Each structure stands twice: as C-alpha cells, then as structure tokens.
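In: When you get a sec, could you give me coordinates for this:
(one chain, ligands or ions: 2)
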Amino acid sequence: MSKVLIKNIRQLVQVREKTETPVKGKEMADLPLIANAWLAIENGLIADYGSMNDFPGISDWSNLEIIEADGRLVLPSWVDSHTHIVYAGSREAEFADRIKGLTYEEIAQRGGGILNSAKKLQDSSEDELLESALIRCNEIISQGTGAVEIKSGYGLTMEAELKMLRVIRKLKEHTPLTIKATFLAAHAVPMEYKTQKEKYIDIILNETLPKVAEEQLAEFIDVFCEKNYFTPEETERILEAGKKHGLIPKVHAEQMSNYGGVLSGVKCGAISVDHLEYVERKEIEALLNSRTIPTILPGAAFFLSLPNPPAREMIDAGLPVAIASDFNPGSSPSGNMNFMQAISCIQYRMTPNECINATTINTAHAMNLADSVGSITIGKKANFFITKKMNSVDMIPYSFGSNPVETVFLNGKKISVKSA
Ligand code: NIG
Ligand code: FE
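Out: Numbers count the residues shown, from 1 in each chain. Ligands and ions are numbered 1, 2, ... in the order given. Sure thing, here's the model as predicted:
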C-alpha cells in the first residue's frame, strides 16, 4: 500500500501519545498540537509525525504521495458516538406542526414521532434503507466524520429491528466509515402494546435480544428512559439482560425531564448516557463516581428547543463531556459535527478546544474505539481531514454553517467527496 506524506501543516491538532482515558474537566481546555508539522501515513495507519523544523528527510521515495498542506490544519476525523442514520423517509410535516405550536409529546401521542418512523421503516426494503443511509454517510464524511455509532430503534418489531441491524452491518462494507451498532428496540412502545408494555419488553428480552446476540449484530444496548417510554426500572432490566448477552449499556437519559435515566445508566455501568438537558447536581455527583461518559446532543436540543444541557457545569465539576450529533429524522436531521460544536460553544459556553476533545477522543471512548481513532497517535487509523486555509481551530465553530473540511482521508486513503 502506498505511503502519504503531508507537509507544511499549519497545525497538526489533537496529537496524543496516550489516549487510554477520556479527557476530563480542566484537561478538556488543552488541545495538544504541533505547529508547522508533517504527518506520515503507511498501510492505512498513522506512521509518524513531527515538526517541519526537524523533518528527517525521506529515504525511500517510491510509492510516496506528497501533499502540500500550505497553511491548512490537520485534525483527526470527528467521531460521532450517537446517531440513528438508518431510517426511512423524513418528518418535515411534524417539524412544521411543531413550529405552529404542537409539542413533540403531542405529536408522539397521536402516532407521530418514533412510531411514524417505525411504520415507514417497516415498509422499506433493506436495499432502500441501505441506499438512503449511504447518502447520509457520504454527507457526514464530507463534513469530517470518520467513525459513527448507529442505532436500531425504528423497527420495533423483531423482524424490522433485525432488518435495521443487518443494514448497519452491510453499511460497514459500503462506506469507509468505522461503524458500531447499537440495539435500541426499547426506543418506544408500539401502538398495539400501549396497554401491555410488559409484553413488548418480553419480546425484546426473550425473542429479539437473543437473536441480536447470536448474529452478533450489535455491540451496545440502549433504552429511551423517559415518561411514556421506559421507566428507570425497565431501563435497568433491559440493560442487565443485554449485559448477560455481552452487550454494553447506553441510555437516552434526562432529555425531556429529570426522570432517572442517568442514575440507572451509572448503576448498570453504561459506557455513556446521552442527551442530559435535565441533568441536576445528583446526576453530576453520580457521574463523577463512575466511568460513564456524559454525552450531549446539541442538534436535538437545538431542533426541539429544549433547555441547554449543563455542559459547562459538568466540565467544571471534572467530568469528560462528549458531543455527538444524534442524526435522526425526528429530533436532529443533521449529522454535521462542526455545527454541533458551534452550538456547544455559542449556547453552552464550551471553548473550541473543549469541543474538539468532546468530538474526537471523548466520543471515541464513548463508543469503545479509543484505541484506533479520535487522535493523531502513531498506530491509530489514518482517519483525518485537512481543513480549508485557516489560522486556528477557533475558526471551526466561529464560521458556523460553513464546512471547514477540504480533504478527507479515511483508512489512509483520500476520499473524494463533494464539498458541502
Ligand atoms: O435521540 N430521544 C429519543 N430518540 C431520538 C429521537 C427519535 C425521534 O424523534 O425519531 C433522539 O432524540
Ligand atoms: Fe438518540
């Protein structure tokens, strides 16, 4: 395989020798970088890097592609640890209804929301789902994302949940993104089980989950812990059952109310708890005594006009905050991690440096991938992007809405993507 050398990089950003733990608290403000740098890629991996001032020269010029960065920055690809990018159709009519005054809950109560997406997904073929998901994958690649977690949860029948997970598995063969799958049958209670939720949970635990485990279709299990969805007790029962099958817990927690999802997640040893708009002091204390990564989803908070998650308080308390997109048709129809950072800076008062730690190494930890992505580290996957010409990473959230990414490399290969 050919070698690549990138020269005259204005700043090589997020360079770390060791990434065994997430970056937390005050450390999140530090973003290690090398000014005026070079980066070498070999066999799809990061082979070496350094300052142009002590560039060692090249002994073997064969098979070497040289790229002149000339005033551009290089960053490790964004790692998006929470998405639902396999879905059918879209929900812009619900969006318009919300603008006119209906609430997310009211729309869900009348069969919209997740159940609307479930109906559309049940009626779609694997090929249709794969095709539409691939378009979204290409879009997020062009915006700098290199690794993504994708959830089921718009199937809700055993058949449709397995269909979603098989599509996620197929996606791995069709895109250069690094992908991990999460089983989220406990995303909503189907209409026909509204008065007998126990039966639906039984099906998840005794029929679908064993199949998911047997076919090794997912690494994580997730629950939407919220009023009218799943209680903290049900969440714990589902997560514990998942653990018995080798799945790692995650929770959709404290999105619409302070309901107990974070505490349940911590109790079950969740790798992350996500959303967190209604987190209070007791959740912060519990998280401080755990290894669970608090993950905020600014796209969903923005799109649904929810209160700001207490990102600043969590970082100031010493926690390792992660930022993901929640790309989905109902609450965040965008997977643009640059925009997620802009919201986090502007609305939550996170600094640009904190945002980059939150969207690279911390999300890599939140999806169990920190040994291979999330930083410029020798031996990690050569997943990175070269920016447009800019002076510093502050430009990324500052120029919100425009795409800072110019050239994308995934697994050491240049990816041709249309610039958004
Ligand atoms: O992460 N919170 C629950 N689930 C999704 C939204 C699902 C939908 O509305 O389709 C979320 O925001
Ligand atoms: Fe979600």
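In: Kindly list the main-chain dihedrals of whichever residue of the stretch 301-420 of the chain sits closest to ligand 1?
Out: Closest to ligand 1 within the stretch 301-420 of the chain is residue 330: 2.2 Å, counting by C-beta to the nearest ligand atom. In this view, the C-beta of every residue, glycine as well, is placed from N, C-alpha and C. Backbone torsions of residue 330, given as degrees, to the nearest 10, read phi -100, psi -40.
In: which ones are touching the nearest residue to it once chain neighbours are set aside?
Out: In this structure, residue 330 finds its nearest non-sequential neighbour in residue 91, 5.4 Å apart by C-beta to C-beta, 6 or more residues apart in numbering. Applying C-beta atoms under 8 Å, 6 or more residues apart in numbering, we find residue 91 in contact with 112, 116, 117, 329, 330, 333.
In: Reformat these as a markdown table; add neighbour count, pLDDT and secondary structure.
Out: Converted to a markdown table, the contacts of residue 91 look like this (neighbours: other C-beta atoms under 10 Å; pLDDT from 0 to 100; DSSP: H, G, I helix; E, B strand; the rest coil):
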| residue | neighbour count | pLDDT | secondary structure |
| --- | --- | --- | --- |
| 112 | 19 | 94 | coil |
| 116 | 20 | 96 | helix |
| 117 | 26 | 97 | helix |
| 329 | 23 | 98 | coil |
| 330 | 24 | 97 | coil |
| 333 | 17 | 98 | coil |
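In: JSON lines for the residues you listed, including distance to residue 14?
Out: Output for the contacts of residue 91, formatted as JSON lines (distance: C-beta to C-beta, whole Å):
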{"residue": "112", "distance to residue 14": "40"}
{"residue": "116", "distance to residue 14": "39"}
{"residue": "117", "distance to residue 14": "35"}
{"residue": "329", "distance to residue 14": "31"}
{"residue": "330", "distance to residue 14": "32"}
{"residue": "333", "distance to residue 14": "28"}
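In: How far does stretch 14-23 stretch from one end to the other?
Out: 11 Å (C-alpha to C-alpha, to the nearest Å).
In: And the contacts of residue 91, which two are furthest apart?
Out: Farthest pair in the contacts of residue 91 (C-beta to C-beta) is 112 and 333. Separation: 14.7 Å.
In: Please give the element, helix or strand, for the residue lying farthest from the centre of the chain.
Out: Distance from the C-alpha centroid of the chain peaks at residue 59, with 39.7 Å (C-alpha atoms, centre = their mean). Using DSSP states H and E, residue 59 maps to neither a helix nor a strand.
In: Okay, now the unreliable bits of the chain?
Out: For the chain, the stretches flagged by pLDDT under 70 are 1, 418-420.
In: of all the contacts of residue 91, which comes closest to residue 29?
Out: Each of these was scored against residue 29 by C-beta to C-beta, and residue 333 proved nearest at 31.3 Å.
In: what's near enough to touch that closest one?
Out: Residues near residue 333 by C-beta under 8 Å, 6+ apart: 90, 91, 303, 327.
In: ditto for residue 288
Out: Residue 288 is in contact with 317, 318, 319, counting by C-beta under 8 Å, 6+ apart.
In: Residue 411: which of those residues is nearest?
Out: Residue 411 lies nearest to residue 319 out of the contacts of residue 288, by C-beta to C-beta, at 31.8 Å.
In: Quick check: residues of the stretch 201-350 of the chain near ligand 1?
Out: By the rule C-beta under 6 Å from any ligand atom, the part of the stretch 201-350 of the chain lying against ligand 1 is 224, 252, 255, 300, 326, 328, 329, 330, 331.
In: was I right about the last one contacting residue 298?
Out: No: with contacts counted by C-beta atoms under 8 Å, residue 331 stays clear of residue 298, the gap being 11.3 Å.
In: more neighbours, the two?
Out: residue 298 (29 against 23; other C-beta atoms under 10 Å).
In: For the closest residue to the more buried one other than its chain neighbours, give me its contacts.
Out: Spatially, and ignoring its direct neighbours in sequence, residue 298 is nearest to residue 343 (3.8 Å; C-beta to C-beta, 6+ apart). Residue 343 sits next to 298, 299, 301, 302 when contact means C-beta under 8 Å, 6+ apart.
In: so how many other residues sit close to residue 110?
Out: Residues near residue 110, counting by other C-beta under 10 Å: 11.
In: The one 3 residues further on too?
Out: A total of 20 residues lie near residue 113 under the criterion other C-beta under 10 Å.
In: From the residues of the stretch 201-350 of the chain next to ligand 1, which land in strands?
Out: Taking DSSP state E, the ones among these that sit in strands are 224, 252.
In: Start and end of stretch 386-397, how far apart?
Out: Terminal residues of stretch 386-397 are spaced 16 Å apart (C-alpha to C-alpha).
In: before we move on, what about stretch 269-285?
Out: Criterion C-alpha to C-alpha; first-to-last residue distance in stretch 269-285 is 15 Å.
In: and residue 386, that one's in a strand?
Out: Yes: according to DSSP: H, G, I helix; E, B strand; the rest coil, residue 386 belongs to a strand.
In: what's near enough to touch it?
Out: By C-beta under 8 Å, 6+ apart, the residues touching residue 386 are 6, 9, 67, 69, 72, 73, 74, 405, 406, 407, 409.
In: Looking at strand pairing, list the partners for it.
Out: Taking DSSP bridges, one obtains residue 74, residue 407 as the residues bridged to residue 386.
In: quick one: it from residue 392, how far?
Out: 15 Å (C-beta to C-beta, to the nearest Å).
In: Checking residue 153 next. Helix, strand or coil?
Out: From three-state DSSP, the assignment for residue 153 is coil.
In: Check the contact between it and residue 168; I expect there is one.
Out: No: in this structure residue 153 lies outside contact range of residue 168 using C-beta under 8 Å: 11.2 Å.
In: Could you report the distance from residue 94 to residue 133?
Out: To residue 133, residue 94 is 21 Å away according to C-beta to C-beta.
In: more crowded one of the two?
Out: Taking other C-beta under 10 Å, residue 94 and residue 133 do not tie; residue 133 has more neighbours (22 against 19).
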